[in-house]
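Asker: Sequence first, predicted model second:
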Amino acid sequence: MSKAIPIMIQGTHSDAGKSAIVSALCRIFAQDGYLTAPFKSQNMALNSYITVDGKEIGRAQGVQAEAAGTTATTDMNPILIKPSGSYKSQIVVHGKVYKNMKAGDYRTSFYDQGIKLIEESYTRLKNNFERIVIEGAGSPAEINLNDRELVNMRVARMTNSPVILVGDIEKGGVFASLVGTLQLLEKQDRHRVIGVIINKFRGDVSLLEPGLSWFEEYTGVPILGVIPYIDNLMIEAEDSVVLSQYTSKEDTSKDIDIAVIRYPFISNFTDIDPFFEELDCHVRFVKSAEEIGNPDIVILLGSKNTIKDMVFLHNSGLANRILELAQEGKFIFGICGGYQMLGNDIEDRMGVESSRQKTSGLGLIPMKTSIKAKKTTTLSEGLVTYKGKDMSVKGYEIHMGESDYEKACDPFVQIKEKNDGFMSKDNKIIGTYFHGIFHNDLFREVFINEVRANKGLNPIIERVDFSKKREEAFDRLAKVVRENIQLDEIYRKMDEYHQQSKGTKGYEVANERDN
């Protein structure tokens, strides 16, 4: 018999804050002594996390596992969907590429297989954990999709899980979205909702009381918490929707200006998160040659469709502007797909990512990249020698391409089995497949101080301890959520629901409640 007691977090829409609340509950349950795991049956994201056995899952589930103090596995996210354009996505099953599929084909031909994968993964988790925090996706009221969905109420029924519905008040219309979602749910699913949480509230909560009272009276569903907006919460985001909150404008009050190129298929943008914590760095995302201005550092991150994103750079004028900045002696740093773009040519003869077979790169590295069907996913450790200083670094690789140099070049990272990346003689042009490089505190310190020196600025010796800051962020998030939700009531309802659901299926529980 299962020893795990689940709770499921669903939202009225994408970016309602589900992932953060799941992270908070994972940390809270772990703090309260329960062996806890996150679970998201199907995730659509371009930000990935590599497990200890070299498998790929959604980054949010990896982060949630860290919040729970447990090791991430593919059972926590058995199906990952990575959009690559032209209505196609790469389907990743238990951390390995399954195939590229169109949305319609996925819904029709993959559905039964998906159900089985999800059931098997959840069964393994429930037999090894005491609490499981399940995350939904988008909205459970997508009536055009609900006949074959794999991530919201169908999973709640499968796992006999009660549901908390989350609404984001910052976007406006929170009561309408909550009420509308509840009314559009099937009757048996509506009875699964044990309460709602209003997220990202700014101001005096007493001003919200009339609305809270009205909602509970109108719907019969209790408000389980109002969570205030949390400024500067240093927990990695996954959905590219969050990129819209970042500025593209320069900030002259900071010493170091960092321009991150925001191409259409940008992925693993969490690679630059540590820079947000550095007091002398201003990070901005830019989409045009006009926006890029005159930064000190240009960063090109990963891409799910490197050729299409490289074409975007050419067509937008960004490619020419990046080359001008390189000639002016600015620092240019490419990671994964961004590294491939720094080379001479990118080919995709097999159509793995793109229907276009070839495009020219920026030509800053004498290198040619071929996109291959086999994906590399691995945790990595190596040695970086930068400005005469040897530094051990940890990170991960996740890429479809193989890059070959057209002449001898200095590598960026020395790894036991191989060398990785490129570094110019003046240390200003760097490319690497090594994700997470900036999460290495010592390298980030040496790199930023070299940029400072290039501007005639004195070095800053003590930099942020990013791992420590992440742990503090988990604890801070958990504290705020714990203080602003009815945790005892949530525990009570979870236990009550678990007792009622023993020996029954989800539909049976719901029907019993209806009667």
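Answerer: Sure thing, it's come through.
Asker: separation between residue 206 and residue 417?
Answerer: The span separating residue 206 from residue 417 equals 61 Å under the rule C-beta to C-beta, to the nearest Å. For every residue, glycine as well, the C-beta is placed using N, CA and C.
Asker: Paired strands for the longest strand along the chain, with orientation please.
Answerer: Secondary structure of the chain per DSSP state E: the longest strand is strand 367-386. Its sheet considered, strand 367-386 pairs with strand 345-347 (parallel), strand 389-405 (antiparallel), strand 413-414 (antiparallel) by DSSP bridges.
Asker: List the buried residues of it.
Answerer: Within strand 367-386, the residues scored as buried using 16 or more other C-beta atoms under 10 Å are 367-371, 375, 377, 380, 382, 384, 386.
Asker: do the same with stretch 467-484
Answerer: For stretch 467-484, using 16+ other C-beta under 10 Å, the buried residues are 470, 473-474, 476-478, 480-482, 484.
Asker: ok, the nearest residue to residue 55 once chain neighbours are set aside - contacts?
Answerer: Excluding its sequence neighbours, the residue lying closest to residue 55 (C-beta to C-beta, 6 or more residues apart in numbering) is residue 95, at 2.4 Å. Taking C-beta atoms under 8 Å, 6 or more residues apart in numbering as the criterion, residue 95 is in contact with 51, 53-57, 74, 80, 377.
Asker: One more pass at 6 Å, please.
Answerer: Residues in contact with residue 95, defined by C-beta atoms under 6 Å, 6 or more residues apart in numbering, are 55-56, 74.
Asker: hmm, back to that, could I get the strands paired with strand 367-386 in JSON lines, plus columns for distance to residue 284?
Answerer: Formatted as JSON lines, the strands paired with strand 367-386 follow (distance: least, C-beta to C-beta, whole Å):
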{"stretch": "strand 345-347", "distance to residue 284": "26"}
{"stretch": "strand 389-405", "distance to residue 284": "24"}
{"stretch": "strand 413-414", "distance to residue 284": "27"}
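Asker: closest one to residue 193 among these?
Answerer: Shortest distance between residue 193 and the strands paired with strand 367-386, using C-beta to C-beta, is found for strand 389-405: 36.4 Å.
Asker: quick revisit: go through the strands paired with strand 367-386 and name the closest to residue 118.
Answerer: Taking C-beta to C-beta as the criterion, residue 118 comes closest to strand 389-405 out of the strands paired with strand 367-386, the separation being 23.0 Å.
Asker: Residues contacting that closest one, please?
Answerer: For strand 389-405, the external contacting residues (C-beta under 6 Å, 6+ apart) are 48, 50, 56, 336, 340, 352, 367-372, 375-384, 433-437, 440, 442-443, 446.
Asker: quick one, which of the strands paired with strand 367-386 is nearest to residue 43?
Answerer: When the strands paired with strand 367-386 are ranked by proximity to residue 43, the top entry is strand 389-405, at 14.8 Å, counting by C-beta to C-beta.
Asker: quick check: mean pLDDT across the closest one?
Answerer: Throughout strand 389-405, pLDDT has a mean value of 93.
Asker: How is the closest residue to residue 230 other than its chain neighbours assigned, secondary-structure-wise?
Answerer: Using C-beta to C-beta, 6+ apart and skipping the chain neighbours, the partner closest in space to residue 230 is residue 480 (5.7 Å). Look at residue 480: counting by DSSP: H, G, I helix; E, B strand; the rest coil, its state is helix.
Asker: contacting residues around residue 266?
Answerer: residue 301.
Asker: bridging residues for it?
Answerer: Using DSSP bridges, the bridge partners assigned to residue 266 are residue 303.
Asker: And it, how far from residue 489?
Answerer: Using C-beta to C-beta, one gets 41 Å for the distance from residue 266 to residue 489.
Asker: cool, residue 147 as well?
Answerer: Note on residue 147: its distance to residue 489, by C-beta to C-beta, is 33 Å.
Asker: what about residue 315, how many neighbours?
Answerer: By the criterion of other C-beta atoms under 10 Å, residue 315 has 9 neighbours.
Asker: can you list the strands paired with strand 367-386 in CSV and add mean neighbour count and distance to residue 18?
Answerer: CSV is the format used below for the strands paired with strand 367-386 (neighbours: other C-beta atoms under 10 Å; distance: least, C-beta to C-beta, whole Å):
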stretch, mean neighbour count, distance to residue 18
strand 345-347, 20, 36
strand 389-405, 17, 24
strand 413-414, 20, 35
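Asker: So for residue 451, which of those strands sits nearest?
Answerer: Going through the strands paired with strand 367-386 one by one, with C-beta to C-beta as the measure, strand 389-405 comes closest at 14.8 Å.
Asker: can you give me the strands in the stretch 201-350 of the chain?
Answerer: Per DSSP state E, counting those that start in this stretch, the stretch 201-350 of the chain has strands spanning 223-228, 256-261, 266-267, 281-286, 297-300, 302-303, 331-335, 345-347. These are given in chain order.
Asker: Quick check: which of the ones you listed is buried the most?
Answerer: Between the strands of the stretch 201-350 of the chain, the one whose residues have the most neighbours on average, counting mean count of other C-beta atoms under 10 Å, is strand 302-303 (a mean of 28).
Asker: who's in contact with that one?
Answerer: Identification of contacts with strand 302-303 by C-beta under 6 Å, 6+ apart yields 265, 267-268, 309, 336-337.
Asker: Which pair in these has the greatest spatial separation?
Answerer: Between all members of the contacts of strand 302-303, the farthest pair (by C-beta to C-beta) comes out as 268 and 309, at 12.9 Å.
Asker: Which one of those two is surrounded by more residues?
Answerer: Looking at residue 268 and residue 309 with other C-beta under 10 Å, you find the greater number of neighbours at residue 309, namely 29 against 25.
Asker: what's the neighbour count on the closest residue to the more buried one other than its chain neighbours?
Answerer: Counting by C-beta to C-beta, 6+ apart, residue 263 is the residue found nearest to residue 309 once chain neighbours are left out, at 3.8 Å. Neighbour count for residue 263, taken as other C-beta under 10 Å: 23.
Asker: Compare the contacts of residue 95 and tell me which is most surrounded.
Answerer: Neighbours were tallied for each of the contacts of residue 95 (criterion: other C-beta under 10 Å), and the maximum of 23 neighbours falls on residue 56.
Asker: What's opposite that one in the beta bridge?
Answerer: Under the criterion DSSP bridges, residue 56 forms beta bridges with residue 50.
Asker: ok, now how distant is it from residue 334?
Answerer: For residue 56, the distance to residue 334 (C-beta to C-beta) stands at 21 Å.
Asker: Then residue 63?
Answerer: On the measure of C-beta to C-beta, residue 63 and residue 334 end up 24 Å apart.
Asker: Assess the claim that residue 293 and residue 249 are in contact.
Answerer: No - because the distance of 8.4 Å does not satisfy C-beta atoms under 6 Å, residue 293 is recorded as not touching residue 249.
Asker: Would you map out the domains in this structure?
Answerer: Recorded structural domains for the chain (assignment: automatic domain parsing) are 5-234+470-501, 256-456.
Asker: Turn the ones you listed into a markdown table, including distance to residue 464.
Answerer: Written out in a markdown table, the entries for these read as follows (distance: least, C-beta to C-beta, whole Å):
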| stretch | distance to residue 464 |
| --- | --- |
| domain 5-234+470-501 | 9 |
| domain 256-456 | 5 |
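Asker: so which of the ones you listed gets nearest residue 463?
Answerer: When these are ranked by proximity to residue 463, the top entry is domain 256-456, at 4.2 Å, counting by C-beta to C-beta.
Asker: Understood, closing this out.
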